[in-house]
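S.K.: My questions concern the predicted model and sequence given below.
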Amino acid sequence: MQDKDSKIKHIAVSGNIGAGKTTLSELLGKHYDWEVQYEDTNTNPYLSDFYEDMHRWSFNLQIYFLNSRYKQILDIRSGDKVVIQDRTIYEDAYIFAPNLHEMGLMSKRDMENYSTLFHIMTGQIKPPDLLIFLRASIPKLVEHIQKRGREYEGSISLDYLKRLNQKYENWISDYNIGCHRTNRL
């Protein structure tokens, strides 16, 4: 696939923690010679703190991810390469932040502030040209999370993963902002 001849410039892979987003992004990036943009888990200054005290750090973490993904999208759209992105800006706003709010881990005030900022940002960007959604069972998610061995993920509860899976199912069933849609393969 030639980057300059391609109508698709931004591919995004979405799915729960441990669903295989990074693995698929790497494989597709290598196969098609696409640039891969990863979720910032290595240099994120809030991630390990968040898993230690979700209530204290939920808003900070979500704002960090919102900012990071917004910058990624600006870079993708201004660049000349086809890019595959590991997780989207939409997942934070429609899955992770609302889940934290519903669990009582993010205040109403912080959720409203976050949502306002998200809507301002997404009003200035284009959604991915193609979204690939990865679905995985809770046992498969746990297996993948344990296999990769990130210390800060060791405290993720099954209830948290189940809640996220349900939010993903609800979100993807209503997703309609991209150019291409395939319900199931």
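M.R.: Sure, I can see it. Just so it is clear, the structure is predicted and the values come from calculations on it, not from any experiment.
S.K.: And the residue nearest to residue 64 when sequence neighbours are not counted, how close does it get to residue 40?
M.R.: Leaving aside its sequence neighbours, residue 64 sits nearest to residue 46 (CB to CB, 6 or more residues apart in numbering; 5.3 Å). Using the backbone N, CA and C atoms, a C-beta is placed for each residue, glycine as well. Residue 46 sits 10 Å away from residue 40, going by CB to CB, to the nearest Å.
S.K.: Residues that sit against both of these two, list them.
M.R.: Contact with both residue 46 and residue 40 is made by residues residue 64, according to CB atoms under 8 Å, 6 or more residues apart in numbering.
S.K.: can you pull out the helices in this protein?
M.R.: Counting by DSSP state H, the chain has these helices, from start to end: 21-32, 47-52, 54-78, 89-91, 97-102, 108-122, 138-148, 158-174.
S.K.: CA atoms of the second one as PDB?
M.R.: Pointing back at helix 47-52 there. Taking Å, rounded to 0.1, in the frame of the first residue of the first chain, the C-alpha atoms of helix 47-52 are listed here in PDB:
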ATOM      1  CA  LEU A  47      -0.400   5.400  35.500                       C
ATOM      2  CA  SER A  48       1.300   3.600  38.400                       C
ATOM      3  CA  ASP A  49      -0.100   6.100  40.800                       C
ATOM      4  CA  PHE A  50      -3.600   5.600  39.300                       C
ATOM      5  CA  TYR A  51      -3.600   1.900  40.000                       C
ATOM      6  CA  GLU A  52      -2.400   2.500  43.500                       C
END
